[in-house]
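Visitor: Everything below, folded, please.
(one chain, ligands or ions: 1)
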Amino acid sequence: MTQKRILITGAAGFLGSHLCDRFIKEGYHVIGMDNLITGDMRNIEHLMPLKNFEFYHKDVSKFVHVPGELHYILHFASPASPIDYLKIPIQTLKVGSLGTHNCLGLALAKKARILVASTSEVYGDPLVHPQDEEYWGNVNPVGPRGVYDEAKRFQEAITMAYNRFHGLETRIVRIFNTYGPRMRLNDGRALPAFVGQALSGKDLTVFGDGSQTRSFCYVDDLVDGIYRLLLSDYEMPVNIGNPIEISIKDFAEEIIKLTGTTQKIVYEPLPTDDPKQRKPNIEKAKAILGWEPNVSRVEGLKITYEYFKSLPEYNIVHKEF
Ligand code: UDP
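Guide: Residues are numbered from 1 along each chain as shown. Predicted coordinates for the structure are as follows:
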């Protein structure tokens, strides 16, 4: 049997690098691509010596060429934290639109199946709770998050157009909040922000009154859902996430307990369009993929905390206090 070849964009990022690990483990030849704007080579350093792994330092928003056969493409390149969208809004829009277009064109040329990484952000500040795949969302196109949300909504639209017009095999995963090792300590997201603050002796900054909710999925669970979706026959979007919901204030308190910090919570203004509640309905993933998350938050947070503590950044930051 010929070895399957898969292209993973955003390979040096948080999710991309875990996907590279999974597909290497499953015996695939993995071609990673990343422009390293938000990715970090440390996430894939361990894969570089492998003969089943290749890396292209390239921007997928520009023309991409990959020599040889390709059976699958996973398009995971994109900034994914609200702080990043504010810093690099144009790149965020381009990678979701032009980058997706390039990946779809490549998939068509190679007769490859493509899975694109969409997001719970397509639901915006949702008026339906929990969010199921049939809900069309409540998105502000001109707010600061619009650059991500609308790029991802366009991504879904163009992916379905390639599916319907060209008969391309496509899959769409809607990813809910995910955490685990290789998140960036300074990417502004709640978990790395709280852990970083606890580790460096600062108070934990909860935005708003902390009553907004999120549902956090451990990265290994998410990767398993994506793996199953890619190999399934299902072409419409599927939510993958953990349906256990928690308020951000309670989450900050969990981090205080986990880290044993003596710091307290301080309240800062809620960012514009910050969704008030978010929780996936995962009935589709259960029924179609036989998937549901297995890793508890206690277990997942412990592993993630150990990872953050092992980072040289943390050790440098920590020594200052
Ligand atoms: N958040 C917070 N303090 C921080 C960073 C984030 O209270 O230092 C809040 C943020 O306003 C949001 C929630 O935590 O309500 C989750 O934020 P994150 O950026 O992790 O994900 P997203 O908003 O994209 O779900």
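
Visitor: Tell me which residue lies nearest the centroid of the chain.
Guide: residue 15 (5.3 Å; C-alpha atoms, centre = their mean).

Visitor: Double-check that one against residue 221; I have them as touching.
Guide: No. Residue 15 is beyond contact range of residue 221, at 12.0 Å (criterion: C-beta atoms under 8 Å). In this view, the C-beta of every residue, glycine as well, is placed from N, C-alpha and C.

Visitor: Just the helices from the stretch 101-250 of the chain, written as ranges.
Guide: When secondary structure is read from DSSP state H, counting those that start in this stretch, the stretch 101-250 of the chain shows helices at 146-166, 190-199, 219-231, 248-259.

Visitor: what does the longest one contact?
Guide: The one in question is helix 146-166. Here helix 146-166 makes contact (C-beta atoms under 8 Å, 6 or more residues apart in numbering) with 75, 78-80, 82, 85, 89-90, 92-97, 100-101, 104, 107-108, 114, 116, 118-119, 121-122, 124, 137, 139-141, 168-170, 172, 235, 237.

Visitor: Of the residues you listed, which are in range of the ligand?
Guide: When contact is defined as C-beta under 6 Å from any ligand atom, the contacts of helix 146-166 meet the ligand at residue 82.

Visitor: Quick one, which of the contacts of helix 146-166 are buried?
Guide: Using 16 or more other C-beta atoms under 10 Å as the burial test, those include 75, 78-80, 82, 85, 89, 92-97, 100-101, 104, 107, 114, 116, 118-119, 121-122, 124, 137, 139, 168-170, 172, 237 as buried.

Visitor: mind listing which of the residues you listed are in strands?
Guide: Of those, the ones assigned to strands by DSSP state E are 75, 114, 116, 118-119, 170, 172.

Visitor: near the ligand, which residues of this protein?
Guide: The interface of the chain toward the ligand, taken as C-beta under 6 Å from any ligand atom, is made up of 81-82, 177, 189-190, 193, 205-207, 212, 214, 248, 271, 274.

Visitor: any chance of those in JSON lines, with pLDDT too?
Guide: Below are the residues of the chain next to the ligand laid out as JSON lines (pLDDT from 0 to 100):
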{"residue": "81", "pLDDT": "93"}
{"residue": "82", "pLDDT": "89"}
{"residue": "177", "pLDDT": "98"}
{"residue": "189", "pLDDT": "95"}
{"residue": "190", "pLDDT": "97"}
{"residue": "193", "pLDDT": "96"}
{"residue": "205", "pLDDT": "98"}
{"residue": "206", "pLDDT": "98"}
{"residue": "207", "pLDDT": "98"}
{"residue": "212", "pLDDT": "98"}
{"residue": "214", "pLDDT": "98"}
{"residue": "248", "pLDDT": "98"}
{"residue": "271", "pLDDT": "94"}
{"residue": "274", "pLDDT": "95"}
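
Visitor: Quick check: of those residues, which lies closest to residue 37?
Guide: Closest approach between the residues of the chain next to the ligand and residue 37, by C-beta to C-beta: residue 81, at 12.3 Å.

Visitor: Apart from its neighbours in sequence, what residue is nearest the closest one?
Guide: residue 187 (4.4 Å; C-beta to C-beta, 6 or more residues apart in numbering).

Visitor: again with residue 266
Guide: Spatially, and ignoring its direct neighbours in sequence, residue 266 is nearest to residue 203 (4.4 Å; C-beta to C-beta, 6+ apart).

Visitor: Do I have it right that that neighbour meets residue 263?
Guide: Yes. Using C-beta under 8 Å, residue 203 is in contact with residue 263, at 4.9 Å.

Visitor: of those two, who's got more company?
Guide: residue 263 (17 against 14; other C-beta atoms under 10 Å).

Visitor: ok so, going back, can you tell me how far the residue nearest to residue 266 sits from residue 193?
Guide: 11 Å (C-beta to C-beta, to the nearest Å).

Visitor: could I get the ones in strands among the buried ones among the contacts of helix 146-166 as JSON lines with pLDDT?
Guide: Compiled in JSON lines, these are given as follows (pLDDT from 0 to 100):
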{"residue": "75", "pLDDT": "98"}
{"residue": "114", "pLDDT": "99"}
{"residue": "116", "pLDDT": "99"}
{"residue": "118", "pLDDT": "98"}
{"residue": "119", "pLDDT": "98"}
{"residue": "170", "pLDDT": "99"}
{"residue": "172", "pLDDT": "99"}
